[in-house]
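Asker: Output the structure for:
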Amino acid sequence: MEFGWINVFGAGWVILMLIPNIICALKNKGEKNLCESPAMNVIEQIGRYGCIVLMWLPLLVKKFAFAGVFEMLLYLAGNGILLLAYWIAFAVWMKHRSVGLALTLAILPACIFLQSGILLRHWLLVGFAVLFAVGHIYVTLQNAIRREQ
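Answerer: The predicted structure follows:
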């Protein structure tokens with residue numbers, strides 16, 4: 001399967017990942033970022049927005065496609081399973097916040113971005129996914145630890 005200049009599936013994954021985040025933001029309007037590292041906050045945001053755009057836009061990619069049917073099925077099933085796990089973890093976290101669940105919620109979207117980049121051979125997305133993973137895991141962990149204190 002080859003995509004044109006937009007990956008509709010990638011856009012769908014991003015939208016579905018954002019839904020619980022929007023719900024959480026609406027329920028916790030006054031919540032502040034407690035991470036005190038400006039560098040890690042910037043790395044997280046650069047990674048986040050880079051991944052969001054590159055999930056559906058093939059910047060600097062020669063061919064925006066899967067190598068074969070197996071990779072396409074792995075992309076759909078793998079991302080579907082990771083997204084379902086993310087939604088379940090988010091639902092549990094909203095009722096019982098813990099550092100472990102917060103860390104899970106940081107790792108799962110990074111895995112979706114990373115898997116998508118690898119299977120689509122979109123190396124720029126892979127790079128931004130690594131940036132996002134490092135920044136998001138660090139910032140999330142700092143926030144979760146400080147909130148438990």
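
Asker: Going by C-alpha atoms from here, please, whenever you check contacts or count neighbours.
Answerer: Will do.

Asker: I would like the residues contacting stretch 73-92, please.
Answerer: With CA atoms under 8 Å, 6 or more residues apart in numbering as the test, stretch 73-92 has contacts from 13, 16-17, 20, 101, 104-105, 108-109, 111-112, 115-116, 119.

Asker: OK, contacts around the spatially most central residue of the chain?
Answerer: For the chain, the residue nearest the mean C-alpha position is P109 (2.8 Å; CA atoms, centre = their mean). Going by CA under 8 Å, 6+ apart, P109 touches M17, L82, L83, Y86.

Asker: Next, the buried residues of the helix or strand hosting the second one.
Answerer: Using DSSP states H and E, L82 maps to helix 69-95. Of the residues in helix 69-95, 71-72, 75, 78-79, 82-83, 85-87, 89-90, 93 count as buried by neighbour count, 16 or more other CA atoms under 10 Å.

Asker: Could I get the average pLDDT for the following helix or strand past it?
Answerer: Per DSSP H and E, the first helix or strand lying C-terminal to helix 69-95 is helix 99-120. Average pLDDT, helix 99-120: 96.
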